[in-house]
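Novice: After the sequence you'll find the predicted model.
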Amino acid sequence: MAEVLDGLLTFYSWHHALRAEKVLREGGFRVELIPAPRELSSNCGTALRLEHGRLDEALELLAARRVQVEAGHRFLPAAEAREPGPVGAGKPRRRWLVGA
Amino acid sequence: MTRSLCYFDNAATSWPKPARVVMEVTLALAGQLGNPGRSGHQMAVTAGRLVLEARETLAALLGVADPAQIVFTKNATESLNLAIFGLVRPGDHVITSSVEHNAVMRPLRYLETQGVALTVLRCSPEGLLDPAEVRRTMRPDTRLVVTAHASNVLGTLLPVAEIARICREAEVPYLVDGAQTAGAVPIDVEQMGVDLLAFTGHKGLLGPTGTGGLYVREGLELQPLVLGGTGSLSDQEIQPEFLPDRYESGTLNVAGLAGLKAGVSYLLEAGVDKVREHETALVRAFDSLAVCVPGCTIYGPRDPSLRVGMASFNLEGIPPSEVGRLLDTEFGIMSRIGLHCAPSAHRTMGTFPDGAVRFSWGMFNTEDEISYAAEALGRLASLARAGAYRS
Ligand SMILES: Cc1ncc(COP(=O)(O)O)c(C=O)c1O
């Protein structure tokens, strides 16, 4: 099965979010830019999904390239283990484990 | 002599622009682009990616490791104001040169009225500056050294690497005005050791007007010139600390930056060293022909390697304004006459207040055009000697 994008990075600045997308993709990570879940961050409208298992590795690469990250998070595949829906569809539900 | 169109005013703004610049601006306006960083939807992200690419392309051209250290402005003037007002406070001392453009001189003269001490280092009439003068005039309260990379009147290159070394030793920030050199002379800010580099997008970088930027060395803090929305920290009413947001309030000129990205990518492919070689050859060609025109005085150093692609001159017996007018109407040659927004530079070279005629070249000018222009100057000179322009 393809890796699950159960990790999430939030950023202070959209510049850093878009730069992270590029740096990580070039570094062989599977990433997906999404509108940042409101309950996690109001800093910048954009967040980046990636495999949680590779979070430390990703943070290391981003630090080396001077990309500033606000925080890393983990998606909890609880009872309703689903991909997070589009943000803004209904009330935000606490599906992301903050700071994991 | 067949009349042609010679654009010799590239120091004011470059012309023509590469076709890809026009295309990228058009695509940015016609395409599905939102406001970069203001929303998370795909059209905002597309615009954001475009701006990121513009920043990365410029970082590659200027030798900047982290693209976030480049902030976008609307031109070199705004960049210089951001750097100068961002650092200098009443009671501080600033060192500059006597060949500065008014984009540097006017902010500094204003600050002088607000209690800032200013030292203007006198360059030679050719625009040459002895870097040891910077060391000699450095004071404990010196807060900033600012010089042009090249004079926009004489074309003279200033010894920026040596000045940077002196500033580094004294731990004083060094701001370089690269308006005339970015895209025309190879620049590596980290190797040169400059702390701040102001550039404009519409000259050597071949982009549209309304684009420019400032490189800020990591760790150097400026007071922002403009405060406001950045698309980040939207829940807070204080300006963000991080770059580039700290200095980029308000929506960016996305279409302009798309064009700038295209201009810079064109230069990266052509090679700035090749552009420099070409322009030096044009300077050499002009000088060798113009010395044969009777009554033609060329200003600036004779060695073309000390000059960017321009020449300022006067013809004996005709005021520069008349030379400029005749070159335009009779010969189709676009030059710039007068004081070039740099009265202090004209005082330095001894042409204040009458000014001079300036030819400034770019990568698309040719030696044929130079020959044609030299022939035109020869004609004007013989008419002048016949007394045609005596008032
Ligand atoms: C040396 C120098 N500094 C600053 C500027 C200002 O550039 P801009 O008009 O693009 O702000 C110019 C060009 O006019 C210049 O030649």
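Specialist: Received it, and whenever you're ready, just let me know what you need. Just so we're clear, the structure is a prediction, and the values are computed from it rather than from any experiment.
Novice: tell me which parts of chain B are close to the ligand?
Specialist: B:11, B:75-77, B:101, B:103, B:148, B:152, B:177, B:179-180, B:200, B:212, B:341 (Cβ under 6 Å from any ligand atom). To be clear about C-beta, it is placed using only N, CA and C from the backbone, and glycine gets the same treatment.
Novice: redo that, cut-off 8 Å
Specialist: Residues of chain B that fall close to the ligand, judged by Cβ under 8 Å from any ligand atom: B:11-13, B:74-80, B:100-104, B:148-152, B:177, B:179-180, B:198, B:200-203, B:209, B:212, B:340-342.
Novice: mind listing which of these are in strands?
Specialist: B:148, B:177, B:198, B:200, B:212 (DSSP state E).
Novice: Can you tell me how far the last one is from residue A:24?
Specialist: Here the criterion is Cβ to Cβ, to the nearest Å. By it, residue B:212 lies 30 Å from residue A:24.
Novice: For stretch B:335-355, list every residue counted as buried.
Specialist: By neighbour count on 16 or more other Cβ atoms under 10 Å in any protein chain shown, the buried set for stretch B:335-355 is B:335-349, B:351, B:355.
Novice: actually stretch B:196-213, sorry about that
Specialist: Under 16+ other Cβ under 10 Å, the buried positions of stretch B:196-213 are B:196-208, B:210-213.
Novice: restrict the residues you listed to contacts with chain A.
Specialist: With Cβ under 8 Å from any Cβ of the partner chain as the criterion, these include none near chain A.
Novice: Backbone dihedrals for the nearest residue to residue B:74 once chain neighbours are set aside, both of them.
Specialist: Once flanking residues are discounted, residue B:74 sits nearest to residue B:210: 5.3 Å by Cβ to Cβ, 6 or more residues apart in numbering or on different chains. Taking degrees, to the nearest 10, you get phi 90, psi 10 for the backbone angles of residue B:210.
Novice: Do I have it right that residue B:210 meets residue B:75?
Specialist: Yes - using Cβ atoms under 8 Å, residue B:210 is in contact with residue B:75, at 7.1 Å.
Novice: what residues go with each domain of chain B?
Specialist: Following automatic domain parsing, one gets these domains for chain B: B:19-270, B:271-385.
Novice: Let me have those domains in JSON lines, extended by mean pLDDT.
Specialist: Converted to JSON lines, those look like this (pLDDT from 0 to 100):
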{"stretch": "domain B:19-270", "mean pLDDT": "97"}
{"stretch": "domain B:271-385", "mean pLDDT": "96"}
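Novice: Pick out the residue in chain B sitting closest to chain A.
Specialist: residue B:40 (2.9 Å; Cβ to the nearest Cβ).
Novice: Can you tell me, leaving aside adjacent residues, what's nearest to that residue?
Specialist: With Cβ to Cβ, 6+ apart, the residue lying closest to residue B:40 is residue A:35, at 2.9 Å.
Novice: State the mean pLDDT of stretch A:36-54.
Specialist: Averaged over stretch A:36-54, pLDDT sits at 85.
Novice: and the gap between the nearest residue to residue B:374 once chain neighbours are set aside and residue B:295?
Specialist: Distances taken as Cβ to Cβ, 6+ apart place residue B:289 nearest to residue B:374, at 3.6 Å, with adjacent residues excluded. Using Cβ to Cβ, we find residue B:289 at a distance of 14 Å from residue B:295.
Novice: hmm, the longest helix along chain B touching chain A?
Specialist: Counting residues, the longest helix found in chain B (DSSP state H) is helix B:42-62. Yes - using Cβ under 8 Å from any Cβ, helix B:42-62 reaches chain A at B:44, B:45, B:48, B:49, B:51, B:52, B:55.
Novice: export that helix as CSV, just CAs?
Specialist: What follows is helix B:42-62, C-alpha atoms only, in CSV (Å, rounded to 0.1, in the frame of the first residue of the first chain):
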residue,chain,number,x,y,z
GLN,B,42,-5.0,26.3,-5.5
MET,B,43,-5.1,29.6,-7.4
ALA,B,44,-3.4,31.4,-4.5
VAL,B,45,-0.8,28.6,-4.3
THR,B,46,-0.1,28.9,-8.1
ALA,B,47,0.6,32.6,-7.6
GLY,B,48,2.7,31.8,-4.5
ARG,B,49,4.8,29.3,-6.4
LEU,B,50,5.4,31.8,-9.1
VAL,B,51,6.7,34.4,-6.6
LEU,B,52,8.8,31.7,-5.0
GLU,B,53,10.4,30.8,-8.3
ALA,B,54,11.2,34.5,-9.0
ARG,B,55,12.9,34.7,-5.6
GLU,B,56,14.9,31.4,-6.2
THR,B,57,15.9,32.6,-9.7
LEU,B,58,17.3,35.9,-8.3
ALA,B,59,19.0,34.1,-5.5
ALA,B,60,20.8,31.9,-8.0
LEU,B,61,21.9,35.0,-10.0
LEU,B,62,23.1,36.9,-7.0
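Novice: In terms of helices and strands, where is the closest residue to the ligand within chain A?
Specialist: In chain A, the residue that lies nearest the ligand is residue A:15 (23.4 Å; Cβ to the nearest ligand atom). If you go by DSSP states H and E, residue A:15 is part of helix A:14-26.
Novice: and that helix with helix B:42-62, angle?
Specialist: 80 degrees (axes from the mean of the first three to the mean of the last three Cα atoms, to 10 degrees).
Novice: How about the contacts made by the spatially most central residue of chain B?
Specialist: The centroid of chain B falls nearest to residue B:179 when counting by Cα atoms, centre = their mean (1.1 Å). Shown in contact with residue B:179 (Cβ atoms under 8 Å, 6 or more residues apart in numbering or on different chains): B:76, B:101, B:103, B:148, B:152, B:198, B:199, B:200, B:203.
Novice: what sits against the residue nearest the centre of chain A?
Specialist: By Cα atoms, centre = their mean, chain A has its centre lying nearest to residue A:8, at 2.1 Å. Going by Cβ under 8 Å, 6+ apart, residue A:8 touches A:34, A:37, A:40, A:47, A:48, A:49, A:50, A:72, A:73, A:74, A:75, A:96.
Novice: Could you do residue B:114 as well?
Specialist: residue B:90.
Novice: now do residue A:24
Specialist: Neighbour list for residue A:24: A:31, A:48, A:50, A:58, A:61, A:62 [criterion: Cβ under 8 Å, 6+ apart].
Novice: what do you get if the cut-off is 7 Å, keeping everything else the same?
Specialist: A:31, A:50, A:58, A:61 (Cβ atoms under 7 Å, 6 or more residues apart in numbering or on different chains).
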